[in-house]
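In: Have a look; sequence and predicted model below, questions after that.
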Amino acid sequence: MSEKTIFKRIIDHEIPADIVYEDDRVIAFRDNNPQAPTHVLVIPKKEIASLDALTDEDQALLGHLWLAIRRIAGDLGLTGGYRVTVNCGPDAGQSVDHLHFHLLAGRKMSWPPG
Ligand code: 5GP
């Protein structure tokens, strides 16, 4: 079996993380190299390598993830707005092979992203 990703180790509570939300299908924790005052990673507990690896089976899970993101944004009081970003593949800079949504807030964001 291939080696666990760092995120799978966080899901399994093998390594510490600053967890802000968890349920049976999703876990969210603060990024350890934050790019904004609030930078949370929201990930499915199911091992999915990237956005590109999603299948029709994951439809309900994806809906659940987006609703979890909305809930976390509410819980964290992100009333000024927030950005959700998914990096998929090398050109986008994906560095961990486990699907993750970056939830960024707390400063003005520029557009387009770099
Ligand atoms: P990507 O570059 O793949 O879109 O995002 C991966 C993110 O995971 C990066 O923002 C990086 O800082 C974060 N990250 C990598 N390893 C760890 C870790 O062990 N703990 C936490 N909390 N974040 C991590």
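Out: Great, that's in hand.

In: okay, CA-based contacts and neighbour counts for the rest of this
Out: OK.

In: and Ala17, how many neighbours does it have?
Out: 16 (other Cα atoms under 10 Å).

In: what sits against it?
Out: Going by Cα atoms under 8 Å, 6 or more residues apart in numbering, Ala17 touches 10, 29-30.

In: Can you say which of those residues are also within reach of the ligand?
Out: Among the contacts of Ala17, proximity to the ligand is found for Arg30 (Cα under 6 Å from any ligand atom).

In: Filter the contacts of Ala17 down to the ones in helices?
Out: Within those, residues falling in helices by DSSP state H are Ile10.

In: can I get the contacts of Ala17 in CSV with pLDDT and neighbour count?
Out: Below are the contacts of Ala17 laid out as CSV (pLDDT from 0 to 100; neighbours: other Cα atoms under 10 Å):
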residue, pLDDT, neighbour count
Ile10, 98, 19
Phe29, 99, 20
Arg30, 98, 18
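
In: Now do the strands in this protein.
Out: 19-22, 26-30, 38-44, 83-85, 101-105 (DSSP state E).

In: Out of the ones you listed, flag the one nearest Thr5.
Out: strand 38-44 (12.4 Å; Cα to Cα).

In: Does anything pack onto that closest one? Which helices or strands?
Out: The contact analysis (3 or more Cα pairs under 8 Å, 6 or more residues apart in numbering; DSSP states H and E) places strand 38-44 against strand 26-30, helix 59-75, strand 101-105.

In: before we move on, the earlier item: mean neighbour count, the strands of the chain: which tops it?
Out: strand 38-44 (a mean of 24; mean count of other Cα atoms under 10 Å).

In: what does that strand rub up against?
Out: Contacts for strand 38-44 (Cα under 8 Å, 6+ apart): 25-31, 61, 65, 69, 98-106.

In: still on that earlier bit, take the contacts of Ala17 and write them to CSV, including distance to Leu76.
Out: Shown next, in CSV, are the contacts of Ala17 (distance: Cα to Cα, whole Å):
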residue, distance to Leu76
Ile10, 21
Phe29, 12
Arg30, 12
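
In: Sweet, I'm off.
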